[in-house]
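*Asks:* here's a sequence, model it:
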Amino acid sequence: MFAIIGSGFGLYGYLPALAAEYNEQIALPERYRPRFVGRAELAPYEERVHWVTDEAAALDGAEGVVLALRPTNQAEWAQRCIRRANVARLLLEKPLAESPEHAAVLLDNLVASKKVFRIGYTFRYTWWGKVLLDTLSSKRGGARQLSIHWSFLAHYYRHELRSWKRFSAEGGGAIRFYGIHLIALLAEAGYSEVTTSRVASGAPGEVQEWTASFAGTGLPECDVKVDTRSQASGFLVHEIATGSSAGVDIALRSPFEVEGHIKDQTTDVDERVPVLRALCRSLFEEPSVENEWYDATITLWRRVEAKTRFEPAPTR
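*Replies:* Below is the predicted model:
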């Protein structure tokens with residue numbers, strides 16, 4: 001049995017994904033039931049749910065656990081799972097912790113536990129992420145330039161919410177909550193150095209816009225921009241290739257947009273479910289080299305934050 005700890009994204013993201021990849025029942029604490037019932041798109045999974053008294057009871061019978069919690073709580077629950085002999089597989093959300101320092105400690109503990117685990121760095125499972133990783137791997141040594149720009153209006157800005165996802169100290173903001181996706185992908189591709197990193201903050205403790213440039217042996221300079229307070233949504237990947245090589249040129253409304261597909265507006269299923277399915281599936285595959293680039297991700301994240309300089313937020 002798998003257990004899901006986390007009544008937000010754990011329900012509307014991981015539950016549909018895990019149910020599609022795992023044939024047994026999924027344990028949920030009883031207190032999640034009102035939220036489960038309140039989301040009509042989860043009704044097809046009702047028979048798959050095994051309701052238990054609380055989170056501790058969910059862990060008691062679980063061979064695997066999904067932790068979909070805020071970063072400041074994830075380490076505590078991960079340690080509870082590590083101590084349980086019955087828990088063999090763990091899936092954790094990103095960022096792993098609220099800071100790269102705390103994330104490094106938790107990663108060391110996970111590796112030492114010898115349990116199978118995955119972290120929710122899902123860009124590698126998108127169609128464009130696979131294209132980009134393949135392209136960078138096959139063209140090493142070419143003098144090219146790469147840019148990745150991601151613009152959108154974050155839910156907490158749109159609705160003026162004081163969510164933890166808004167505040168850097170809690171693991172939120174343009175770098176720690178959103179940019180970590182790109183940091184993980186670039187670390188896997190072999191980027192290891194941060195040339196520049198600047199953030200714009202509209203209020204104390206917030207990082208609403210991030211721009212940075214990355215370098216790696218044999219790789220093109222990569223310019224990144226993440227704007228979480230943009231009125232226009234878009235995700236652009238542009239590579240300038242040399243010679244006869246074809247560059248990558250991708251324009252999407254969201255990084256989770258399926259190639260050639262317009263989201264069906266009649267369903268409320270989260271657009272991230274397909275990549276979450278791939279992430280869940282990876283838990284049951286043969287051991288791979290994830291731990292190596294998980295470590296490289298935290299190293300690159302540390303370097304980003306060490307290099308980061310603050311500037312006034314742009315006028316909107």
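*Asks:* CA atoms for contacts and neighbours, from now on please.
*Replies:* Fine.
*Asks:* break the chain into its domains for me.
*Replies:* The chain breaks down by automatic domain parsing into domains covering 2-119, 123-268+289-312.
*Asks:* how far out from the middle of the chain is the first one?
*Replies:* Spelled out, that is domain 2-119. Remark: domain 2-119 is offset 15 Å from the chain centroid, using C-alpha atoms, centre = their mean, to the nearest Å.
*Asks:* start to end distance for it?
*Replies:* Using C-alpha to C-alpha, to the nearest Å, the end-to-end distance of domain 2-119 comes to 16 Å.
*Asks:* same deal with stretch 49-63?
*Replies:* Stretch 49-63 has an end-to-end distance of 15 Å (criterion: C-alpha to C-alpha).
*Asks:* mind telling me which of the domains of the chain the model trusts least?
*Replies:* Mean pLDDT is lowest for domain 123-268+289-312 out of these, coming in at a mean of 90.
*Asks:* measure that domain end to end?
*Replies:* Terminal residues of domain 123-268+289-312 are spaced 29 Å apart (C-alpha to C-alpha).
*Asks:* then stretch 1-21?
*Replies:* The separation between the terminal residues of stretch 1-21, taken as C-alpha to C-alpha, is 13 Å.
*Asks:* who's in contact with residue 49?
*Replies:* Applying C-alpha atoms under 8 Å, 6 or more residues apart in numbering to residue 49 gives the contacts 25, 26, 27, 28.
*Asks:* buried among those? Make that a ChimeraX selection.
*Replies:* A single ChimeraX command selects the buried members of those (16 or more other C-alpha atoms under 10 Å):
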select :25,26,27,28
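*Asks:* export the contacts of residue 49 to a markdown table and tack on distance to residue 16 and secondary structure?
*Replies:* Output for the contacts of residue 49, formatted as a markdown table (distance: C-alpha to C-alpha, whole Å; DSSP: H, G, I helix; E, B strand; the rest coil):
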| residue | distance to residue 16 | secondary structure |
| --- | --- | --- |
| 25 | 12 | coil |
| 26 | 11 | strand |
| 27 | 13 | strand |
| 28 | 13 | strand |
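*Asks:* adding distance to residue 277, write the domains of the chain out as TSV.
*Replies:* Listed next are the domains of the chain as TSV, based on distance: least, C-alpha to C-alpha, whole Å:
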stretch	distance to residue 277
domain 2-119	5
domain 123-268+289-312	9
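*Asks:* check which residues of the helix or strand containing residue 292 are buried.
*Replies:* According to DSSP states H and E, residue 292 maps onto helix 290-307. For helix 290-307, burial by neighbour count (16+ other C-alpha under 10 Å) applies to 291, 293-305.
*Asks:* same question for stretch 226-245.
*Replies:* Under the neighbour-count criterion of 16+ other C-alpha under 10 Å, stretch 226-245 has 226-230, 233-239, 241 buried.
*Asks:* looking at these, spot the one nearest residue 56.
*Replies:* residue 228 (35.9 Å; C-alpha to C-alpha).
*Asks:* where exactly do the helices run in the stretch 101-250 of the chain?
*Replies:* Along the stretch 101-250 of the chain, the stretches classed as helices by DSSP state H, counting those that start in this stretch are 127-138, 155-158, 173, 180-189.
*Asks:* among the domains of the chain, which is nearest residue 282?
*Replies:* Once the domains of the chain are compared by C-alpha to C-alpha, domain 2-119 is nearest, at 7.8 Å.
*Asks:* strand partners (parallel or antiparallel) of the lengthiest strand in the chain?
*Replies:* The single longest strand within the chain, with elements called by DSSP state E, is strand 229-240. Strand 229-240 sits in its sheet next to strand 145-153 (antiparallel), strand 249-252 (antiparallel), going by DSSP bridges.
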